[in-house]
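> Provided below are the primary sequence and the corresponding predicted coordinates.
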Amino acid sequence: MKNSGYVIVEGNIGVGKSTFSALLARALQDNGVRAEYLPEPDETTNPFLADYYADPAGNAYKMQMHLLHQRFKSTRYAQAAALAGKGWYILDRSYYGDICFANVQVADGYFSPAEIQSYLDAHRNMREFIEPPTCAIFLNALPETCLRRIAVRKRECEAGVPITYLQALGGEIDELANVLVGRCPVWQYDWNPDRNETEQRFKAQEIAGELLALDRDDWDF
């Protein structure tokens, strides 16, 4: 049994990453190993998120730089703890996924040329301190599915997310999966079906078992 590692969970807004990530950590714990769920910054921990949704053009850069640093910090923490054999760490989004959002900001014209360069310089410098995860899990769903789930969960800061944004972000996340293939195991799952709590727990338990069965050679640090 593999008793330590760090896993990144990526997917579009509203796909269900947070619920799944927490369930995966619990499933690993149920298998007798230490596991910690590291949530993505939200409106309670990201001071720029509400301002961004209200005025994307005026707040994109400062929000994205804040998120980049937070995701770098959590990814480094998970990596170091896993390498020290302290258990499993499940990241709801990671340093790797941050650039997907930045690329959409650039495409939408929300970053100035100087801001683009500043972001890329920071991202590249951070990359020197990041190793590939034990496994990258991608939850895939159509933008329409994600938009419907966003409406159901009724987070005020997400009320104005347009389908075009989800479409663009989904394309970037697909590209990230292609980039990570060859660097670490990449597992992709169809997350379009609506699963009840029991079904989600069962799926998390199934994936936890597959993670624990990974050969150490699959973690190529």
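Thanks, I have it.
> what stretches of the protein score poorly on pLDDT?
Where the chain drops to pLDDT under 70, the residues are 1, 43, 154-159, 215-221.
> tell me the centre residue of it?
Arg93 (1.6 Å; CA atoms, centre = their mean).
> where along the protein do the strands fall?
Listed in chain order, the strands of the chain (DSSP state E) span 5-11, 35-38, 88-92, 135-140, 186-190.
> as a markdown table, these with mean neighbour count and distance to Thr44 would be great.
C-beta: built from backbone N, CA, C; applies to glycine. Formatted as a markdown table, these follow (neighbours: other CB atoms under 10 Å; distance: least, CB to CB, whole Å):
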| stretch | mean neighbour count | distance to Thr44 |
| --- | --- | --- |
| strand 5-11 | 27 | 20 |
| strand 35-38 | 20 | 15 |
| strand 88-92 | 27 | 14 |
| strand 135-140 | 22 | 23 |
| strand 186-190 | 14 | 28 |
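> could you dump the ones you listed to TSV with distance to Tyr52?
Below are the strands of the chain laid out as TSV (distance: least, CB to CB, whole Å):
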stretch	distance to Tyr52
strand 5-11	20
strand 35-38	22
strand 88-92	19
strand 135-140	23
strand 186-190	28
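> residues contacting the residue nearest to the centre of the chain?
8-10, 17, 40, 71 (CB atoms under 8 Å, 6 or more residues apart in numbering).
> how about a cut-off of 7 Å?
Residues counted as contacts of Arg93 (CB atoms under 7 Å, 6 or more residues apart in numbering) are 10, 17, 40, 71.
> now, which of those lie within helices?
Counting by DSSP state H, the part of the contacts of Arg93 found in helices is 17, 71.
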